[in-house]
Structures are given as C-alpha cells and as structure tokens.
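S.K.: Using only what follows, build the 3D model:
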Amino acid sequence: RVSYLGVDTKKFKKLNIRKKNQVLFIGQKLKMNGYDYALEAIRLIPKDIRPELKILPISDNKNGRLSDNEIIKLYNESLITLSLSNFDTFGLVALESLACEVPVIAFNVAGYRETMINGKTGFLVDFSSEEIAEKISIFLKNQKIATSIGKRGRKWIEQNWTLDKQIKQLDKLLVSYARQ
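M.R.: Numbering: from 1, shown residues only. Presented below is the predicted three-dimensional model:
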C-alpha cells in the first residue's frame, strides 16, 4: 500500500487576482524536468497569442525557496501549469495547481497518471512539444474550457487529495499494520 501526499486546500485555492498571459513551469531548466519541451512548445504557438513561459526554479540558490503564498500567487496568475518532469513519481505541483483551479498539462507518466484525469483536470501528453503547444492553444483560445477544467480540478482535489484525507488514509494504513 502507498501513503500519498495531500494538498492544504485552505491555502492552495483560487485567488481573486488578474491572470497574466503566462504558462507556469516549476523546475530547473533541465532536460529531465521537461524544460526543452516547454520552451519549444511556447515557440510553436503563434506570436499573436503566445504566452510568456514563467519559470519557477525549485530553488534559486540566492534567496532559497519561495513561500507557499508566493507560489500560490504564481499559480493563480498563470493560465496553465506545465508538469513535464520525466521522473516525477507523484505530481504534487499538478495537485497544487489544480487546487488553485489552474489546469495542468503533464507528461503521461508515473505519478501524473495517478493525480490527474486526462481531459477532465487537464491533459496528459506524450513527449511532444507539438502536442503540448496544441493543448496550451486549446486553453488560450477557449477560456471556458480552461475555467471548466480548473473547477473540475479543484473538485477532484477536494474529493481525493486534501491533506486531511491523506492523513486519515495514513492513519488507517498505520492502524492496519499495527494489527498485523
């Protein structure tokens, strides 16, 4: 059995702030994080609708890690979050973004398959900049789809991935092991 992380939905939530024409990428500018796919996907989007690629490194080695509130603000300012790590075994970034009602585009690998529902809470894609660009364009061209998927994402988190739910699951798991 597995004990998963959860999201603090009291903190990670939709804020009443203006969206920027940006796509959020959280991670270092490394191939294993999918940075090359993100950069190329943005370049493939027509200039008249092309969003900025906002990069949030996990740590900038100068000021350390951003606070949760700063990260939550970045999610909320963004139209979409890209989760493109080749090796992410869980997908906490995707869950945090969905809790903020921001749709996610992620690689169809490992943890993202567990934490997302393809077409409902975002899109799971192959290792293809063209497909990533196509999915970003869907959200850019139709705000209703982005809003709808964002709301479904929040509901998905509330039903399955809250911190409280995961703590209760861990408690049950530990009790079952103690009884063995």
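
S.K.: Contact partners for the nearest residue to Leu170 once chain neighbours are set aside?
M.R.: Counting by CB to CB, 6 or more residues apart in numbering, the nearest residue to Leu170 once its immediate chain neighbours are dropped is Ser3, at 4.6 Å. All C-beta spots, glycine's among them, are computed from the backbone N, C-alpha and C. Residues in contact with Ser3 (CB atoms under 8 Å, 6 or more residues apart in numbering) are 166, 169-170, 173.

S.K.: how about stretch 8-25: buried residues?
M.R.: Under the neighbour-count criterion of 16 or more other CB atoms under 10 Å, stretch 8-25 has 9, 12-13, 22-25 buried.

S.K.: At which residues are the strands of the chain located?
M.R.: If you assign secondary structure with DSSP state E, the strands in the chain sit at 22-26, 52-56, 80-83, 104-107, 122-125.

S.K.: Please name whichever of those is nearest to Leu66.
M.R.: Closest approach to Leu66 among the strands of the chain (CB to CB): strand 52-56, 7.1 Å.

S.K.: Any buried residues in the closest one, and which?
M.R.: In terms of neighbour count (16+ other CB under 10 Å), strand 52-56 has its buried residues at 53-56.

S.K.: OK, contacts around Trp161?
M.R.: The neighbours of Trp161, taking CB under 8 Å, 6+ apart as the test, are 4, 6-7, 95, 99, 115.

S.K.: An error on my part: the question was meant for Arg18.
M.R.: Glu77.

S.K.: now swap in Lys19 and tell me
M.R.: 76-79.

S.K.: and it, how far is that from Leu79?
M.R.: With the distance defined as CB to CB, to the nearest Å, Lys19 ends up 6 Å from Leu79.
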